[in-house]
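Undergrad: fold the following for me, if possible:
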Amino acid sequence: MTPEQVNAEMQYRRDSMNQSVWPAILLPVVVTALALVSGGLF
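TA: Predicted coordinates:
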């Protein structure tokens, strides 16, 4: 593989990782915020 191919592969993996990581981080935050707003937790 050429350095360009390696670079493209790394970029692709980084992008796909970001796509799977962000929902996992944001989902609990959004759910908690909604529960707080609706008074479901307290």
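
Undergrad: could you report the neighbour count for Gly39?
TA: 7 (other Cβ atoms under 10 Å). Backbone N, C-alpha and C define where each C-beta goes, glycine included.

Undergrad: ok, it - contacts?
TA: Not one residue lies near Gly39 by Cβ atoms under 8 Å, 6 or more residues apart in numbering.

Undergrad: which intervals of the chain have sub-threshold pLDDT?
TA: 40-42 (pLDDT under 70).

Undergrad: need the helices for it, in chain order.
TA: Using DSSP state H, the helices found in the chain span residues 3-38.

Undergrad: and the residue most central in space within the chain, how far from Pro28?
TA: In the chain, the residue lying closest to the centroid (Cα atoms, centre = their mean) is Trp22, at 1.3 Å. Note on Trp22: its distance to Pro28, by Cβ to Cβ, to the nearest Å, is 12 Å.

Undergrad: could you do Val21 as well?
TA: From Val21 to Pro28 the distance is 13 Å (Cβ to Cβ).

Undergrad: neighbouring contacts of stretch 3-18?
TA: Stretch 3-18 has contacts (Cβ under 8 Å, 6+ apart) with Met1.

Undergrad: output that stretch as CSV, restricted to C-alpha atoms.
TA: Extracted C-alpha coordinates of stretch 3-18, given in CSV (Å, rounded to 0.1, in the frame of the first residue of the first chain):
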residue,chain,number,x,y,z
PRO,A,3,1.3,6.2,1.9
GLU,A,4,-1.7,7.8,0.3
GLN,A,5,-3.8,4.6,0.6
VAL,A,6,-2.8,4.2,4.2
ASN,A,7,-3.8,7.8,4.9
ALA,A,8,-7.2,7.4,3.2
GLU,A,9,-7.8,4.2,5.2
MET,A,10,-7.0,5.9,8.5
GLN,A,11,-9.3,8.8,7.6
TYR,A,12,-12.1,6.4,6.7
ARG,A,13,-11.7,4.5,10.0
ARG,A,14,-11.6,7.8,12.0
ASP,A,15,-14.8,9.0,10.3
SER,A,16,-16.7,5.7,10.8
MET,A,17,-15.6,5.7,14.5
ASN,A,18,-16.8,9.2,15.0
